[in-house]
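[1] Structure for this input, please:
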Amino acid sequence: MHATTRRQPINSKGSREPVITAPSARDSISQFRRETASALPRFGQLRGSIQAHVVQGGRKIIAGRTVPRGEASRPRDAGRIGPRSRPLRPLPSRQIATTDADRAAANKEVVLRYFAAMERRDWDAAADCWARDAVNRASGRYDVNPAMVGRDAVKRVFQALNTAFPDRRWQLDAMIAEGDRVACQMTITGSFGKVPPRPPGPLPPNWLGVESTALVPVSAEGKPYSVKHVHVFTIQDGLITEHQAVRDDLALLLQLGAISPPA
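    Next up, the predicted model:
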């Protein structure tokens, strides 16, 4: 706002001196309206000139300036986001956890895809989740049985499980992934079918059949069961390379009448 001046009568020295006085409210409002009206056209011109990455005729316009195609995709300073931005800094250490989390999520997806195929009884799709030289360790055993190595061996286990437990369901209670390992806590339910045939080839001493089914009597056919399992998978390059299980076979045998609790 501009102050107004008025001329005073001649002073004692015979000269006129301007005296500064405060503007009135009406003068202030009028001055504000005049300045606002004059600024609006300039604002419209400024807004029209700010154009970022608008494609016109195969060219890009940045801040109202037409630039060649290559320049629009190559920033002048690759280490800066903009002319007033600070240089990009290395990612903080916590960002590394994001990479680990992504790998853990991908490993979980492999295991989930495997169990989904088992639910569908799609043995080929389930076997495709395993590496060609995958090791399937028997519960409670730490040695590697050559008959349990590879996809063909895994398929034989699938077929034996389907014979013993034709309507099995795998309920995932918890899943933990760290590094290349995925651990699953599960509730396994269904009913017993029949004892699967003995697999070909040499078997380890004291072999009890798949999930101890060699001990189950014929009278157990059709009996329901519900047991807890823990499965630990090793994942490499999107495939299962090793599997270990901890099963409650004792509870399974009790429910199927294979053994009886002490009196």
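[2] any idea how far Cys129 is from Asp237?
    Separation of Cys129 from Asp237 (C-beta to C-beta, to the nearest Å): 12 Å. Placement of C-beta: from N, CA and C, glycine included.
[3] go on, Lys194?
    Computed as C-beta to C-beta, the Lys194 to Asp237 distance reads 38 Å.
[4] Tell me which of the two has more neighbours.
    Under the neighbour definition other C-beta atoms under 10 Å, Lys194 and Asp237 were set side by side, and Lys194 has more, 14 against 8.
[5] How is the more buried one assigned, secondary-structure-wise?
    For Lys194, the assignment made with DSSP: H, G, I helix; E, B strand; the rest coil gives coil.
[6] Go ahead and confirm it touches Val218.
    Yes. Shown here, Lys194 and Val218 form a contact pair, counting by C-beta atoms under 8 Å, at 7.4 Å.
[7] Which helix or which strand is home to the residue nearest to Arg137 when sequence neighbours are not counted?
    Distances taken as C-beta to C-beta, 6 or more residues apart in numbering place Gln244 nearest to Arg137, at 4.7 Å, with adjacent residues excluded. Per DSSP states H and E, Gln244 falls inside strand 239-247.
[8] can you list the residues that contact that strand?
    The contact list for strand 239-247 (C-beta atoms under 8 Å, 6 or more residues apart in numbering) reads 110-111, 114, 129-131, 133-137, 139-140, 211, 227-235.
[9] okay, that strand in CSV with CA atoms only?
    Output of strand 239-247 as CSV, limited to C-alpha atoms (Å, rounded to 0.1, in the frame of the first residue of the first chain):
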residue,chain,number,x,y,z
LEU,A,239,13.1,-74.4,-6.2
ILE,A,240,13.0,-76.6,-3.2
THR,A,241,16.5,-78.2,-2.8
GLU,A,242,16.0,-79.8,0.6
HIS,A,243,13.1,-80.7,2.9
GLN,A,244,13.0,-81.9,6.5
ALA,A,245,9.9,-82.7,8.5
VAL,A,246,9.0,-83.1,12.2
ARG,A,247,5.7,-85.0,12.5
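[10] buried set for that strand?
    239-245, 247 (16 or more other C-beta atoms under 10 Å).
[11] And for stretch 102-109?
    Taking 16+ other C-beta under 10 Å as the criterion, stretch 102-109 shows 104, 107-108 as buried.
[12] same thing with stretch 188-204?
    Judged by neighbour count using 16+ other C-beta under 10 Å, the buried positions of stretch 188-204 are 188, 190, 192-193, 195-196, 199.
[13] what are the pairing partners of whichever strand in the chain runs longest, and which direction each?
    Longest strand of the chain, by residue count under DSSP state E: strand 224-236. Strand 224-236 has the following strand partners under DSSP bridges: strand 181-191 (antiparallel), strand 239-247 (antiparallel).
[14] Give me the residues contacting that strand.
    Applying C-beta under 8 Å, 6+ apart, the set of residues contacting strand 224-236 is 107, 110-111, 114, 131, 180-192, 240-249, 251-252, 255-256.
[15] Read off the pLDDT value for the closest residue to Ser260 other than its chain neighbours.
    In space, and not counting its chain neighbours, Ser260 is closest to Leu254: 7.7 Å by C-beta to C-beta, 6+ apart. Listed pLDDT for Leu254 reads 96.
[16] May I have the phi/psi pair for Leu254?
    Backbone geometry at Leu254, expressed as degrees, to the nearest 10, gives phi -70, psi -40.
[17] Strands along this structure, start to end?
    4-6, 19-21, 52-56, 59-62, 65-67, 130-136, 169-178, 181-191, 224-236, 239-247.
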